[in-house]
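A.B. asks: below are the sequence and a predicted model; questions follow.
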Amino acid sequence: MSETRLQDTFPTACCEQYIYERKLFTKPQLARGRYLTGHCCTVTAPLAWLIDTNVISEMMRPRPDPRGAAFLDSIADEGIGLASISVWEALDGISRLEPGRQRFGLADRFQGLVDELFEDRIIKWPLADAKACVQAMEVKHRHGESLDDHIPGAFLAASAVTRGLAIVTRNTSEFRNIGVETVDPSSTKS
């Protein structure tokens, strides 16, 4: 299996550079060296599920929805992954907060989730995904359900379609009519 690195998907040289430029972490936190720099988006584990950013956001809450957490626990052995667009979306959301305790706390929680659940299960955005994304957006347009305002969702759908993965999302309607299986973890019984 070829190695997939974050610089293939981010406009910066690597995870550490992106994080440093966006000032997501303090210099002492960067010096400890555990913030995404070790991952560099290498996929070495089998996957069955892609997790949407809205599910990651829910899991970062101090008290996440117990049904969602239970569902993720129930599918963990099947292989859960994170698309690089979801990494970007989470980091971008965190970076928009004012520097301070909340921002750094969310950055720590996000890193904890990446370490615990996705260490070797972050997938890149190759040419096949770009082509699938165009097709998904075309289908949505034909159904009057544009994804133009939900580009990260279109990227995620394409990543799932090209790999035959299901998406765990709290917004299943966004992925309707694209040919990808979705599951809302907060409405499932585990």
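C.D. replies: Here it is on my side, so go on. Numbers count the residues shown, from 1 in each chain.
A.B. asks: quick one: which helix or strand includes the nearest residue to residue 83 once chain neighbours are set aside?
C.D. replies: Excluding its sequence neighbours, the residue lying closest to residue 83 (CB to CB, 6 or more residues apart in numbering) is residue 159, at 4.4 Å. C-beta: built from backbone N, CA, C; applies to glycine. Here residue 159 sits within helix 151-163, counting by DSSP states H and E.
A.B. asks: what's in contact with that helix?
C.D. replies: Here helix 151-163 makes contact (CB atoms under 8 Å, 6 or more residues apart in numbering) with 47, 50, 52-53, 83, 85-86, 88-89, 123, 125, 128-133, 135-137, 140, 147, 165-167, 171, 174-175, 178-180.
A.B. asks: can you pull the contacts of the spatially most central residue of the chain?
C.D. replies: The residue lying closest to the centre of the chain (CA atoms, centre = their mean) is residue 86, at 2.7 Å. Applying CB under 8 Å, 6+ apart to residue 86 gives the contacts 50-53, 56, 152, 156.
A.B. asks: may I see these organised as TSV, with distance to residue 74 added?
C.D. replies: TSV is the format used below for the contacts of residue 86 (distance: CB to CB, whole Å):
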residue	distance to residue 74
50	16
51	13
52	17
53	21
56	17
152	26
156	21
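A.B. asks: what about those residues, which one has the most neighbours?
C.D. replies: Highest neighbour count within those: residue 156, with 31 neighbours (other CB atoms under 10 Å).
A.B. asks: check what pLDDT that residue gets.
C.D. replies: Residue 156 carries a pLDDT value of 94.
A.B. asks: check the residue nearest to the centre of the chain and give its pLDDT.
C.D. replies: If you check residue 86, the pLDDT there is 94.
A.B. asks: so it is in which element?
C.D. replies: helix 84-95.
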